[in-house]
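Asker: A predicted structure for the sequence below; I have some questions about it.
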Amino acid sequence: MNDSNRLDTLTPILDHYQVEPHFVEDYGSIQKIYSNKGTFALKKIAPTTGTDFIRHVHYLYQKGYNRIVPIYPTMDGRYAVLHENNLYYLMPWMSNDSRGNRQAHHQLFRELARLHTLSAKEITINKEERIEHYEKTIQQLDKHQEFLDGFIDVCEKKTYMSPFELLYCLYYNEINLALRFSKTKFEEWYEKTKDNEKARMVVVHGKVASDHFVYDERGYGYFINFENASYGSPIHDLLPYVSRALNTGPKRNDDVIDWIYHYYKYFPFKDDEKLLFYSYLAYPTQVIQIVEKYYRKKRPRNELKLVRQLQQRYFHLKNIEYVVSKMTEIENQRKAAEQQAKEGAQ
């Protein structure tokens, strides 16, 4: 689409804001608008997404949290414009020029912790729902355990294993340990919380990523992309971000531990939240998925591609293992020090 056509398309939308576009740059779902009133970002979303997220953004503003790129209202007070089967909303344009990697991550995690702190509230938990969640999860864990055990039996009975099957046999013990660890932590979480009538919930951003944290000219960071915002456990924001960061080659990633503890400085997880976080993070879902895919796939299989995928997911599992074991060690040391201090005070 050429510039004049793009301007013609966007003019009816921007008329609602009394903004006259002079020039437009395309950034996928976001358009950078140069206009008579300055530079703006116009975001396009599916109408099915709705505008519930604007309610969460307003709620956070009311709570005093202003590190969200503001959404401008139209001249008649609406926060989104429906045009040709798409919703559009307008924001000020901000760059994504992060200030050094470590500092940028620290700023992101500090702001995420502040967002969670200001929106935190205790909600009443339905005991039957908690029991049902526990039983379903344990059933799923046991089903995965059964599959892993069954597949290794199949592999070991063969005279000649395929490269994938051989690699799986080499990795089996560590995959099994990760699954058992995940189950143990989940059971500990349930024992700790089964009689609790309340649980802590926060406004969850829903799509935390470095690309969704932008900076103004003073270097202050702001969140964008709030379309998936909802009320939920703070774990739901931390977990995907940390998991993605650990999806690399084999690496002792102390930076990730540093980010999490930087977040804890401003919004410490409770003991039960830590147990659930460890359980979900350690769960070897990605490895199980690729093994199930191999098992179900009829010949001819792309053996090389599947071996590479299994290897990559094993590296991911080992990176997670390092982070979880280091954090568990730190927690155990903290608890031992607290116990010692308590005994010393008696």
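Answerer: Cool, the structure landed.

Asker: output the below-cut-off pLDDT ranges for this structure.
Answerer: 1-5, 96-102, 346 (pLDDT under 70).

Asker: strands of that one, start to end?
Answerer: In order along the chain, the chain carries the following strands (DSSP state E): 21-27, 30-35, 38-45, 81-83, 86-92, 121-124, 198-204, 213-215, 221-223, 230-232.

Asker: report the beta-bridge partners for residue 221.
Answerer: Applying DSSP bridges to residue 221 gives these bridge partners: residue 215.

Asker: skipping its backbone neighbours, what lies nearest the residue nearest the centre of the chain in space?
Answerer: Geometric centre of the chain, nearest residue: residue 240, 2.8 Å, by CA atoms, centre = their mean. In this structure, residue 240 finds its nearest non-sequential neighbour in residue 208, 7.2 Å apart by CB to CB, 6 or more residues apart in numbering. C-beta here means a position set from N, CA and C on the backbone, and glycine is covered the same way.

Asker: same thing with residue 152?
Answerer: Closest to residue 152 by CB to CB, 6+ apart is residue 172, at 5.2 Å.

Asker: got it, and residue 130?
Answerer: In space, residue 130 is closest to residue 194, 6.8 Å off (CB to CB, 6+ apart).

Asker: and if you look at residue 263?
Answerer: Residue 263 sits nearest to residue 109 (CB to CB, 6+ apart), 4.2 Å away.

Asker: who are the contact partners of the residue lying closest to residue 232 once chain neighbours are set aside?
Answerer: Spatial nearest neighbour of residue 232, chain neighbours left out: residue 204 (4.4 Å); criterion: CB to CB, 6+ apart. Counting by CB atoms under 8 Å, 6 or more residues apart in numbering, residue 204 makes contact with 229, 230, 231, 232, 233, 234, 236, 237.

Asker: quick check: residue 204 vs residue 239, distance?
Answerer: The gap separating residue 204 from residue 239 is 10 Å, by CB to CB, to the nearest Å.

Asker: about what we covered before: isn't the residue nearest to residue 263 up against residue 257?
Answerer: No: with contact defined as CB atoms under 8 Å, residue 109 does not reach residue 257; the gap is 11.7 Å.
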